[in-house]
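Undergrad: compute the structure for the input listed below.
(one chain, ligands or ions: 1)
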Amino acid sequence: MACSSAPHLRSIPWTYTTRPLSPSFTRSERKVSLFSDRTNRTVGSLSISGSVSPTCVEQSDAGTTNNTSSGLRELCQGHVPDHVLRRQVFRFSLEFGWRNGSFGILDNAEAEEVGYIVPTNVQREALPVLFSGRDCVIHAQTGSGKTLAYLLLIYSVVNAQRSSVQALIVVPTRELGMQVTKVARMLAAKSPELDSEQGSCTVMALLYGGTLRRHKSWLKVEPPAIVIATLRSLCQMLDKQILKLDTMRVLVIDEVDFMFNSSKEVSSLKKLLTAYSSINNRQTVFASASIPQHRRFLYDCIQQKWTKADVVHVHVNPVQPLPSCLYHRFVVCDKRERNSTLLHLLQSDTPQSAIIFVGEQSEKSKKAGNAPPTTALFEFLKTSYGGCLELVLLEEDMNFNQRAASLTDLKQSGGYLLVATDIAARGVDLPETTHIYNFDLPRDAINYLHRAGRTGRKPFSDSKCFVTSIIAAEERFVLQRFENELLFHCDELFF
Ligand SMILES: Nc1ncnc2c1ncn2[C@@H]1O[C@H](COP(=O)(O)OP(=O)(O)OP(=O)(O)O)[C@@H](O)[C@H]1O
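TA: This next block holds a predicted model:
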């Protein structure tokens, strides 16, 4: 029986013994525990589904835990299909790795290369729930690592050999979709358990504006295991029955509060959740840094059967909604002086990289034929900034390719000044950003939280990041309301 090796296990310095946990195992499911002979304690347990030989297997390897794979292979020899075994070894390596404070999915060098050394708090709390098969609402600060948590679940469930879409991640924006796709593909490529001669785990990005015809034939001929989609493009595929929900094992709705709040999306979202609720063996995950009235939300989910009744709310840091590494400031100035104030701030702060959030253009201003405020500020900075950071623009009016090019520019530049509307406020992960400027105040506290959360995105770093709002004197009470709601403090800056 061919079984891929598990190099990420090699470095774990424990020998182990596998034993049935209970003598009365069934032929279809069997649990084994893994003991450390160093500490003489159970270090993990593993359930093997499929038809397993009912002989009590007790095995001790004095070698390294790489033998775990071969031990399990012997245990299951001839009885468990290879892909089931591979998945179980993969799942075991994850659980084992996480329990011991490291990433089971990647070996040490690979984990270090991508910057994952130890799990973040939300990953520690959410993964046991996710691996237990329960539905989950992952509610934790911006930049806390929610994406990796749900992707690890997905990779423990999907079977690359099966020719069907098994996991679906729904995102509110193309930018977030592109980013999640990148992480999902990186994990598939890095993990030897997922990418083998038996076929790698394919990931499709179905983001509105992409080449839908190509996607249609891809979905028909060789369905990917994982699809990451915006609701609009997903609905097109579902309506035409090119994509079906019945093979789905995991559905993730990222930025779930935003999706439920969007008048354009909410009815399609509810339709999707209702259709998915009738599928057997399904798991549903919702994620966001902000879930207003979360008790009511959970109640509705259960009532509407969008989740199972035992859904778990993993709420990390509820008394501190914003990351503690953020330092909040404000400058009061006249509306007409905002450009020069911003320039002054950029010169005195010398950010490594920054995002400047600008409000959306009003209908009245559009009708009057004015340039959008983002473009106006971008043009001003082009002529006046003179610093070494690359100027990049990101706004709704740009087409898909222009928006994708802007994101590529950001990632390739040595440092950037991104002028953006709120399309860059949700989920976008640009860890090099050290400063956020609210050139216009956000609509509400939730938007403040997500804009501010575009910085401070290096989980174990203790460096401070700055969020500065440029306000008129009469806007001070609005900012004060955000402070009260989000429990943070803002200092005034004087020039
Ligand atoms: N365990 C980890 N160790 C180090 N870095 C990590 C770890 N987990 C995630 N990261 C990194 O942390 C950053 C933020 O992660 P992610 O985008 O998943 O945050 P999030 O919780 O989804 O944030 P948001 O709510 O803003 O969408 C990413 O750059 C990611 O690579």
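Undergrad: right, and Ser461 touches Glu432 too?
TA: No - with contact defined as CB atoms under 8 Å, Ser461 and Glu432 do not form a contacting pair (11.4 Å). Quick note: C-beta positions are derived from backbone N, CA and C, even for glycine.
Undergrad: I'd assumed Leu269 was in contact with Met259.
TA: Yes - using CB under 8 Å, Met259 is in contact with Leu269, at 5.2 Å.
Undergrad: neighbour-wise, which of Ser461 and Glu432 wins?
TA: Applying other CB atoms under 10 Å to Ser461 and Glu432 shows that Glu432 carries more neighbours, namely 17 against 11.
Undergrad: assign that one to helix, strand or coil.
TA: coil (DSSP: H, G, I helix; E, B strand; the rest coil).
Undergrad: how about it: what's its closest non-neighbour residue?
TA: Counting by CB to CB, 6 or more residues apart in numbering, Glu432 lies nearest to Ser353, which is 4.4 Å off, once chain neighbours are set aside.
Undergrad: could you check the pLDDT of that neighbour?
TA: Ser353 carries a pLDDT value of 96.
Undergrad: burial count for it?
TA: 21.
Undergrad: ok, it - contacts?
TA: Listed by CB atoms under 8 Å, 6 or more residues apart in numbering, the contact partners of Ser353 are Leu389, Leu410, Ser413, Gly415, Tyr416, Leu417, Leu418, Leu430, Glu432, Thr433, Thr434, His435.
Undergrad: from the ligand, how far out is it?
TA: For Ser353, the distance to the ligand (CB to the nearest ligand atom, to the nearest Å) stands at 14 Å.
Undergrad: phi, psi for that residue please.
TA: Here the main-chain torsion angles of Ser353 (degrees, to the nearest 10) amount to phi -160, psi 150.
Undergrad: what's the closest non-adjacent residue to Thr120?
TA: Nearest one to Thr120, counting by CB to CB, 6+ apart, is Gly145 at 4.0 Å.
Undergrad: tell me who's in contact with the one you found.
TA: Gly145 sits in contact with Pro119, Thr120, Val122, Gln123, Pro459, where contact means CB under 8 Å, 6+ apart.
Undergrad: just the residues you listed that are near the ligand?
TA: With respect to the ligand, and counting by CB under 6 Å from any ligand atom, the subset of these in contact is Pro119, Thr120, Gln123, Pro459.
Undergrad: give me the more crowded residue out of Met259 and Leu269.
TA: For Met259 versus Leu269, the count of surrounding residues by other CB under 10 Å is larger for Met259: 23 against 20.
Undergrad: separation between that one and Asn447?
TA: According to CB to CB, to the nearest Å, Met259 and Asn447 sit 15 Å apart.
Undergrad: same deal with Val312?
TA: Taking CB to CB as the measure, Val312 falls 27 Å from Asn447.
Undergrad: same check on Ala289?
TA: According to CB to CB, Ala289 stands 12 Å off from Asn447.
Undergrad: which of those two has more neighbours?
TA: Ala289 (26 against 19).
Undergrad: once you drop chain neighbours, what's closest to that one?
TA: Using CB to CB, 6+ apart, the closest residue to Ala289 is Thr142 (4.5 Å).
Undergrad: wait, a helix at Asp491?
TA: No - residue state for Asp491 (three-state DSSP) corresponds to strand; a helix is not indicated.
Undergrad: and it, how many neighbours does it have?
TA: The number of residues packed near Asp491 is 9, by other CB under 10 Å.
Undergrad: give the contact list for it.
TA: Contacts here follow CB under 8 Å, 6+ apart; on that basis Asp491 touches Tyr327, His328, Arg329, Phe330.
Undergrad: quick one: contacts for the residue in the stretch 251-400 of the chain positioned nearest to the ligand?
TA: With distances taken as CB to the nearest ligand atom, the stretch 251-400 of the chain approaches the ligand most closely at Ala289, which sits 3.9 Å away. Residues in contact with Ala289, defined by CB under 8 Å, 6+ apart, are His139, Ala140, Gln141, Thr142, Ser144, Lys146, Pro321, Leu449, His450, Gly453.
Undergrad: show the pLDDT at the last one.
TA: Per-residue confidence (pLDDT) for Gly453: 97.
Undergrad: same check, this time on the first one
TA: Per-residue pLDDT puts His139 at 97.
Undergrad: if I look at it, how far off is the ligand?
TA: As judged by CB to the nearest ligand atom, His139 and the ligand stand 10 Å apart.
Undergrad: okay, and the beta partners of that residue?
TA: Partner residues in beta bridges with His139, using DSSP bridges, are Ser288, His315.
Undergrad: how near is it to Ile242?
TA: Spatial separation of His139 from Ile242 under the definition CB to CB is 33 Å.
Undergrad: pLDDT on stretch 337-350, on average?
TA: Looking at stretch 337-350 alone, the average pLDDT works out to 96.
Undergrad: wait, Thr147 sits on Val183?
TA: Yes - taking CB under 8 Å as the contact criterion, Thr147 and Val183 are neighbours in contact, 5.8 Å apart.
Undergrad: which parts of the stretch 201-350 of the chain sit against the ligand?
TA: If contacts are counted using CB under 6 Å from any ligand atom, the residues of the stretch 201-350 of the chain sitting beside the ligand are Ala289.
Undergrad: low-confidence regions, the stretch 201-350 of the chain specifically.
TA: 209-211 (pLDDT under 70).
Undergrad: one step back: quick check: the residue nearest to Thr120 vs the ligand, distance?
TA: Spatial separation of Gly145 from the ligand under the definition CB to the nearest ligand atom is 3 Å.
Undergrad: same check on Leu153?
TA: Noted for Leu153: a distance of 13 Å to the ligand, by CB to the nearest ligand atom.
Undergrad: need the contact list for His294.
TA: Residues counted as contacts of His294 (CB under 8 Å, 6+ apart) are Val137, His139, His313, His315.
Undergrad: report the contact partners of the second one.
TA: Meaning His139. When contacts are taken as CB under 8 Å, 6+ apart, His139 is in contact with Ala287, Ser288, Ala289, Ile291, His294, His313, Val314, His315, Val316.
Undergrad: can you confirm Leu377 is in a helix?
TA: Yes - looking at Leu377 with three-state DSSP, it is inside a helix.
Undergrad: that one against Phe439, yeah?
TA: Yes - under the criterion of CB under 8 Å, Leu377 is in contact with Phe439, at a separation of 6.5 Å.
Undergrad: who touches both of these two?
TA: Counting by CB under 8 Å, 6+ apart, the contacts common to Leu377 and Phe439 are Leu342, Ile356, Val358.
Undergrad: tell me the contacts of the last one?
TA: Val358 makes contacts with Pro373, Thr374, Leu377, Val419, Ala420, Thr421, Phe439, Asp440, as judged by CB under 8 Å, 6+ apart.
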